[in-house]
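[1] Pasted the sequence and its predicted model underneath.
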Amino acid sequence: MDGLRERKKDGDLGRSLRKPPNARQSKKKNNKNKNSQTTSYVTDTQSITETSDLATLLLEAELADRNFEAERNKTVIFELDGKQVTKKEPTLAYTREPLQIPRRPKWNKRTTPAELTSLEKQSFLEWRRQLAKVEESGQHRITPYEKNLEVWRQLWRVVENSDLVMQIVDARNPLLYFSKDLENYVHEVSSYKHTALILNKADLLTTEMKLKWSEYLERLNMPFVFFSAKYSSEENGFENDLVKNDYKYNTMSSQGLVDFMKSFRSSSCVSSHETSHEKPFVVGLVGYPNVGKSSTINSLLKAKRTAVSSTPGKTKHFQTLFLEKDLLLCDCPGLVFPNFTSSKEELICNGILPIDQIRDPIPPMEFVCRRIPGDDFRRLYGITLQHGEENHLNARILLERYATLRGFMTKHGNPDIQRSARIILKDYVNARMVYCEPPPT
């Protein structure tokens, strides 16, 4: 027994030498505070459109400046002064009106930066709770939208600094990318500010489709132009031969778009201490990711001044670029606005949500197959069709046949439908196969 006790003491001594007292005390202190911590979930302008339940909880906690204390499976939220919070649900009328975007709170010269930051967080958190309330009702489904306050701050700055705010939309489905409430917000900031619409990628529309969209937008009294950043930046004769500056029915040239922007200058308000030659006319460019904002600017500048990518969210901060001495462009990061009407699959197939991050490829592929005839897939990819598949082809069958044809196999020897879906979806987004949405009747 003495020998056993002696060996035990020796072992204790060895552990004490390997783990000094300070380390033991540090571990005990860390365990004590393990479940009580303050975390900065978002620190930059990285776009956040989809979050898990835990990530949403952390994000809302940071906006509300709250700490957490976890006790086994029970979670209680505390204010910084230690008082327990009783969650109050905001009241919201359920309507089919366009969903609001977050507003910047009112502030003045006496408002300190810390006070403004706190007001912005409270206002943004209340806005997110209102949208959550709509979703929880089960009456409406809201698509993924931008949940990072820093990105919305970029929009607020662009709106405040711009004389004209132009929304750039994809001409294949303009209403999906158009935010009516952004137009309302611009006029709330100042009644002297103007709004307009750029229908980019208009080269994909037929003349008949352009005419229909022109008539629809004119009924809404909405200033607009058809534009193609792709062809206006290429020296292939397209601009000289086919592009005319008749905005109603034709695709406008780069110079025509500049002239269209300048046409709003005369009716803009100039403050008493500034004259028109002292302050440049500022045009803010706003839109969803991947609609071609950067490409549009590049075509106007005739040089690559902004980074262009097929991955949504390339522009991270708003940028200002002089187009002319008295004309300044303000490029806002891509924003995904909340929307009632479209599904998540539609956002993926329109390039708003990243294709490389999808987990289940079947729903977005079904969306594509409902719009593109099977015969188009045969001509484009060389796949074999069975009788009756010329008009509609099953999404899974299409993916399996394409994977087999290209030799895309998983490690288990099955057709790699994930890889096939990424290729086909990107071809759809990049207009290798075209489907254009007609205007409402």
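    Thanks, I have it.
[2] The host helix or strand of Glu218: which residues count as buried?
    For Glu218, the element it lies in under DSSP states H and E is helix 207-219. Within helix 207-219, the residues scored as buried using 16 or more other Cβ atoms under 10 Å are Met209, Lys210, Lys212, Trp213, Ser214, Tyr216, Leu217. Where you see a C-beta, it was placed from the backbone N, CA and C, and this is true even at glycine.
[3] how close does Phe377 get to Val286?
    Using Cβ to Cβ, to the nearest Å, Phe377 is found at 35 Å from Val286.
[4] quick one, which of those two is more surrounded?
    Taking neighbours as other Cβ atoms under 10 Å, Phe377 and Val286 compare with Val286 leading, 27 against 23.
[5] still on that earlier bit, return the member of the buried residues of helix 207-219 nearest to Arg157.
    Using Cβ to Cβ, Leu217 comes nearest to Arg157 of those, at 27.9 Å.
[6] Can you verify my assumption that the closest one contacts Phe224?
    Yes. Judged on Cβ atoms under 8 Å, Leu217 makes contact with Phe224 at a distance of 4.9 Å.
[7] overlap in contacts of those two?
    Leu197 (Cβ atoms under 8 Å, 6 or more residues apart in numbering).
[8] could you pull out the helices for the stretch 251-400 of the chain?
    254-262, 293-301, 344-349, 362-369, 374-381, 395-406 (DSSP state H, counting those that start in this stretch).
[9] Outline the domain layout of this structure.
    Split into domains by automatic domain parsing, the chain comes to 1-34, 163-331, 358-429.
[10] Quick check: which element contains Ala196?
    Here Ala196 is assigned to strand 194-200, by DSSP H and E.
[11] That strand vs helix 254-262, what angle?
    Interaxial angle of strand 194-200 relative to helix 254-262 (axes from the mean of the first three to the mean of the last three Cα atoms, to 10 degrees): 160 degrees.
[12] How about residues contacting strand 194-200?
    Where contact means Cβ under 8 Å, 6+ apart, the residues beyond strand 194-200 that reach it are 163-171, 174, 178, 182-183, 186-187, 213, 217, 222-229, 257, 260, 264, 267-268, 285, 291-292, 295-296.
[13] residues touching the closest residue in space to Phe260 that isn't next to it in sequence, list them.
    Spatially, and ignoring its direct neighbours in sequence, Phe260 is nearest to Val225 (5.4 Å; Cβ to Cβ, 6 or more residues apart in numbering). Neighbouring residues of Val225 by Cβ under 8 Å, 6+ apart: Ala196, Leu197, Ile198, Leu199, Tyr247, Met252, Gly256, Leu257, Phe260.
[14] Over to Trp152?
    Contacts for Trp152 (Cβ under 8 Å, 6+ apart) come out as Ile101, Pro102, Phe124, Glu146, Leu335.
[15] Now those residues in a markdown table, please, with extra columns for secondary structure and distance to Asp326.
    Listed next are the contacts of Trp152 as a markdown table, based on DSSP: H, G, I helix; E, B strand; the rest coil; distance: Cβ to Cβ, whole Å:
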| residue | secondary structure | distance to Asp326 |
| --- | --- | --- |
| Ile101 | coil | 30 |
| Pro102 | coil | 32 |
| Phe124 | helix | 35 |
| Glu146 | coil | 32 |
| Leu335 | coil | 28 |
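[16] Farthest-apart pair in those, please.
    With Cβ to Cβ as the measure, no two of the contacts of Trp152 lie farther apart than Phe124 and Leu335, at 13.6 Å.
[17] tally of neighbours for Arg172?
    With other Cβ under 10 Å as criterion, Arg172 counts 21.
[18] ok, and the closest non-adjacent residue to it?
    Counting by Cβ to Cβ, 6+ apart, the residue nearest Arg172 is Cys436, at 4.8 Å.
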